[in-house]
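Peer 1: Next come a sequence and a model predicted from it.
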Amino acid sequence: MRARRMTHALITATAAGSLLVACSGAGAGGSSGGSKSINVLMVGNPQMEDIAKLTKSTFTKDTGIKVNFTVLPENELRDKVTQDIATQAGQYDVATIGAYEVPIWTKNGWLHELGSYADKDTGFDKADLLKPMVQSLSGSDGKLYALPFYGESSMLMYNKDVMAAKGVTVPEHPTWQQIADIAARVDGAEPGMKGICLRGLAGWGELGAPLTSVVNTFGGTWFTKDWKAQVNSPAFKKATNFYVNLVRQHGEAGAPQAGFTECLNALSQKKAAMWYDATSAAGSLEDPASSKIAGHVGYAYAPTVQTKSSGWLWAWAWAMPKTTKNADAASKFMLWASSKKYENLVGAKLGWSRVPAGKRASTYAIPQYQKAAGSFGDITLKSIEQADPANPGVQPRPTVGIQYVAIPEFQDLGTKVTQEISAAIAGKTSVDKALDDGQKLAGDVAKNYQK
Amino acid sequence: MTTLTAPPKTAPPPARPRKSPGTAKWKRRIPLLPALIFTIAVTQLPFVATLVISTFQWNILKPGERHFVGLDNFTFVFTDERLRTAVLNTIVLTASVVLLSVVLGLGLAMLLDRRFAGRGLARTLLIAPFLVMPVAAALLFKHALYNPDYGLLNGTLNAIYRLFGADNGPTVDWISSYPMPAVVLSLVWQWTPFMMLILLAGLQAQPGDVLEAARMDGASAMATFRHITLPHLRQYIELGVLLGTIYIVQTFDAVYTITQGGPGSQTTNLPYEIYLTMFRKYEYGQAAAAGVVVVLGAIVIATFALRTIASLFREEASR
């Protein structure tokens, strides 16, 4: 009798426990506050931490609008913001989202159009925003749905001292074959130093980003214009084999676990001689407090094969969910945060290397910024300008986006396929097997779109 | 439960209780009902909600496409290759962690069962791993031990190689080369203390006279252990295995932190796969269905666990 009663209690507890986990996140309570207070959800990158510090003494002081910030790491932010907006919970008036989300969410009708707010604000100067940024943050109706806070492309970064010691010159516009040759030559240049660091950590936003930009320039694509999956096509296979072989032969130790952070450490701690990744990494590489090679970093454009350029494009941008009740106050905040005025404020108060750059042409004309970003500013700007999110490869694409496919299924598809490729980097499976499996998954996704 | 309460002094007229003893029972229960209803609402409604969700195709990124699909999600759960791999990984992970930590825990418990100077300190130190937060423990293993560049394992290897005159030892990428053992090892480190505690309690509950009699009869230590201690410990071991299984089946932190389920899906267990379904695929229906299946599995294990606990109590009571 007692045992049975206890069984029931335990069953109840087990069931409740598992299900509370399953249901968490669904019950976000909406608190609107007064019209003079807005809730902002943002990703915990350094640039966002800066704005959280600066808002009270400037924006709130000038406008009387109180801003409540919630800061989360990228993955948790994505989970939270997706659920908040998808369930129409309406907890947040402003959220940072990336270029990937904008077209998908716009299609679902979750976001407020922002172009008209930007047009009305005479000091904002919408025309100054870089064209690829505007393009990647617009809906299919051509209207602007998010205001960029900072943008990035990708480039090759390298240790100048090592190249000099080995007598190697890295071209300003290298090809991938040149980079592979250089990686072989500088591998082991110093004890424990590898030739190159490339992300090997599974995830559509980790390994998926650099790999897809390599696939583009090798002539591959995830999907053709009429939604035929191309994951095991010869070009995709060639690119992936190249990437995997390069990492296996001359890449960083522990490559299957290495993402952005690990590679940043590898290059800045002299464990790798080169690194192909986001342009936004330059700020950290040039920081003497954390980098052993500050001031000795060389920069080159993203390596290419068949395309003229191959840098990716990413933006963290402010978006306003349709559920907000404080549209006016929220728009004022977003316009301020993306303005030239704010960039100047950061430069004056925190230092010019910390300016949230990559979204405005005028940023690169500020003398102080030019001085602070001398070695990488120019390449960053040109890489972003050259990036063509609508047409990044050699064939037409069904969606806008360089290092991702802007469909809801891609988070899952990209994660699963990169898991297999990461396993290939670890030597646990072959690239061919990984991509054949990926083709099946991509084929299932494509069926949702074929007409 | 209620037997401790004395019968109410102001008893109702004698005819009524005889007519319907149930009424009196319910009268006594009425004050408890709100709590009962609250408990049912809090614990069971989410389960019902999950059951309902599991019959829908529901991807939150595609509003307007939600519709009832009956048992399709369950069909998916049982036929999906990735989920099958996840079930297999869960079993391998759970079984190896439980077995290893029971064996190690038993060894440590035997040592701690003896008297020696500093036993209290040793016991405290040995329990410590169990008190470390799972995420912190996983991070510790990932970075301090397994990292190919600055991890302790490769550092030790290199030091040994250097002792024998070599320049540098091999650079082993532990997590990628041995993903499952890497996760298992970190969990064994965490769970051995738990097993040790349970088994130590069992050892200390061992009647001294029996052991003494065995010694008088000239039984060897090995024979005493095999024929007296081990049978006595059986129920404690069962308890440790079952409780450990219930918890380790749910392992998430170690998998998420150390391997992210990889390489490929070699260490993707059920909780991590459900997490991916929920937060990468945003397929709530499929995640709910997989969750229901896991709960049912857990209930089966839990039932066995409770039987063991109950029989332990019975044994204690009969002593």
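Peer 2: Good, I have the coordinates.
Peer 1: Report the contact partners of residue 175.
Peer 2: Using chain A here. Counting by C-beta atoms under 8 Å, 6 or more residues apart in numbering or on different chains, residue A:175 makes contact with A:303, A:304, A:305. C-beta coordinates here come from the backbone N, C-alpha and C atoms, glycine included.
Peer 1: nope, chain B
Peer 2: A:254, A:256, A:257, B:142, B:146, B:182, B:258, B:259.
Peer 1: Mind picking out the helix or strand in chain B with the poorest mean pLDDT?
Peer 2: Least confident helix or strand, chain B: helix B:15-19 with a mean of 50, by mean pLDDT, DSSP states H and E.
Peer 1: Buried residues, the lengthiest helix in chain B. List them.
Peer 2: The longest helix of chain B (DSSP state H) is helix B:284-318. Of all the residues in helix B:284-318, those buried under the rule 16 or more other C-beta atoms under 10 Å in any protein chain shown are B:284-295, B:298, B:301-303, B:305-306, B:308-309.
Peer 1: These also near chain A: which ones?
Peer 2: B:287, B:288, B:291, B:294, B:295, B:298, B:302, B:303, B:305, B:306, B:309 (C-beta under 8 Å from any C-beta of the partner chain).
Peer 1: Next one: the fourth one from residue B:208, what distance?
Peer 2: The spacing between residue B:294 and residue B:208, counted by C-beta to C-beta, to the nearest Å, is 44 Å.
Peer 1: With the last one instead?
Peer 2: Taking C-beta to C-beta as the criterion, residue B:309 is separated from residue B:208 by 25 Å.
Peer 1: do the same with the fifth one
Peer 2: Spatial separation of residue B:295 from residue B:208 under the definition C-beta to C-beta is 44 Å.
Peer 1: What's the PyMOL syntax to select whichever of the contacts of residue B:175 are buried?
Peer 2: A single PyMOL command is used to select the members of the contacts of residue B:175 judged buried by 16+ other C-beta under 10 Å:
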select buried, (chain A and resi 254+256+257) or (chain B and resi 142+146+182+258+259)
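Peer 1: Let's have the contacts of residue B:175 in TSV, adding pLDDT, secondary structure and distance to residue A:142.
Peer 2: Output for these, formatted as TSV (pLDDT from 0 to 100; DSSP: H, G, I helix; E, B strand; the rest coil; distance: C-beta to C-beta, whole Å):
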residue	pLDDT	secondary structure	distance to residue A:142
A:254	86	coil	45
A:256	90	helix	42
A:257	87	helix	42
B:142	91	helix	46
B:146	90	helix	50
B:182	93	helix	50
B:258	90	helix	46
B:259	88	helix	44
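Peer 1: could the contacts of residue B:175 be laid out in CSV, adding distance to residue A:77?
Peer 2: Below are the contacts of residue B:175 laid out as CSV (distance: C-beta to C-beta, whole Å):
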residue, distance to residue A:77
A:254, 26
A:256, 25
A:257, 22
B:142, 23
B:146, 28
B:182, 29
B:258, 23
B:259, 23
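Peer 1: Relative to residue A:414, which of the contacts of residue B:175 is nearest.
Peer 2: Distance to residue A:414 across these (C-beta to C-beta) is lowest for residue A:256, with 16.3 Å.
Peer 1: contacting residues around residue B:109?
Peer 2: Contacts for residue B:109 (C-beta under 8 Å, 6+ apart) come out as B:195, B:196, B:199, B:200, B:202, B:203.
Peer 1: 7 Å instead?
Peer 2: Going by C-beta atoms under 7 Å, 6 or more residues apart in numbering or on different chains, residue B:109 touches B:196, B:199, B:200, B:203.
Peer 1: who in the stretch 301-450 of chain A is up against chain B?
Peer 2: Neighbours of chain B within the stretch 301-450 of chain A, by C-beta under 7 Å from any C-beta of the partner chain: A:408, A:411, A:412, A:415, A:419, A:420, A:422, A:423, A:426, A:428, A:429.
Peer 1: Export only the CA atoms of the helix or strand harbouring the second one, formatted as CSV.
Peer 2: Under the assignment given by DSSP states H and E, the secondary-structure element containing residue A:411 is helix A:410-425. The C-alpha coordinates for helix A:410-425 follow below in CSV (Å, rounded to 0.1, in the frame of the first residue of the first chain):
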residue,chain,number,x,y,z
PHE,A,410,18.1,26.1,-41.6
GLN,A,411,18.9,26.3,-37.9
ASP,A,412,18.2,22.6,-37.7
LEU,A,413,19.5,21.6,-41.1
GLY,A,414,22.7,23.6,-40.7
THR,A,415,23.3,22.2,-37.2
LYS,A,416,22.8,18.6,-38.2
VAL,A,417,24.9,18.8,-41.3
THR,A,418,27.7,20.6,-39.6
GLN,A,419,27.6,18.0,-36.8
GLU,A,420,28.4,15.4,-39.4
ILE,A,421,31.2,17.5,-41.0
SER,A,422,32.6,18.2,-37.5
ALA,A,423,32.7,14.4,-37.1
ALA,A,424,34.6,14.2,-40.4
ILE,A,425,37.1,16.7,-39.0
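Peer 1: So which bits of whatever helix or strand comes next after that helix are buried?
Peer 2: Using DSSP H and E, the helix or strand that follows helix A:410-425 in sequence is helix A:431-447. By 16+ other C-beta under 10 Å, the buried positions in helix A:431-447 come out as A:431, A:434, A:435, A:437, A:438, A:439, A:441, A:442, A:443, A:445, A:446.
Peer 1: Low-confidence ranges, chain A, go.
Peer 2: A:1-35 (pLDDT under 70).
Peer 1: quick one, strands of it?
Peer 2: Under the criterion DSSP state E, strands of chain A are mapped to A:37-43, A:66-72, A:94-98, A:147-152, A:154-159, A:274-278, A:297-301, A:314-319.
Peer 1: Geometric centre of the chain: which residue is closest?
Peer 2: Since you didn't name a chain, this refers to chain A. residue A:314 (5.0 Å; C-alpha atoms, centre = their mean).
Peer 1: ah, I was thinking of chain B
Peer 2: residue B:247 (1.6 Å).
Peer 1: Can you list the helices and strands that the helix or strand it falls within packs against?
Peer 2: According to DSSP H and E, residue B:247 maps onto helix B:230-249. When contacts are defined as 3 or more C-beta pairs under 7 Å, 6 or more residues apart in numbering or on different chains; DSSP states H and E, helix B:230-249 packs onto helix B:81-113, helix B:179-204, helix B:284-318.
Peer 1: would you list those helices in JSON lines and tack on distance to residue A:99?
Peer 2: Output for those, formatted as JSON lines (distance: least, C-beta to C-beta, whole Å):
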{"stretch": "helix B:81-113", "distance to residue A:99": "29"}
{"stretch": "helix B:179-204", "distance to residue A:99": "33"}
{"stretch": "helix B:284-318", "distance to residue A:99": "25"}
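Peer 1: Out of the ones you listed, which is closest to residue A:98?
Peer 2: Among those, if distance is taken as C-beta to C-beta, the winner is helix B:284-318, at 22.4 Å.
Peer 1: circling back: can you add distance to residue A:126 and give the strands of chain A back as a markdown table?
Peer 2: Formatted as a markdown table, the strands of chain A follow (distance: least, C-beta to C-beta, whole Å):
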| stretch | distance to residue A:126 |
| --- | --- |
| strand A:37-43 | 21 |
| strand A:66-72 | 23 |
| strand A:94-98 | 18 |
| strand A:147-152 | 9 |
| strand A:154-159 | 26 |
| strand A:274-278 | 25 |
| strand A:297-301 | 28 |
| strand A:314-319 | 14 |
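Peer 1: Which residues of the stretch 101-250 of chain B lie near chain A?
Peer 2: Residues of the stretch 101-250 of chain B lying close to chain A (C-beta under 7 Å from any C-beta) are B:147, B:148, B:149, B:171, B:173, B:175, B:176.
Peer 1: residues in contact with the first one?
Peer 2: What it means is residue B:147. Applying C-beta under 7 Å, 6+ apart, one finds that residue B:147 lies in contact with residue A:254.
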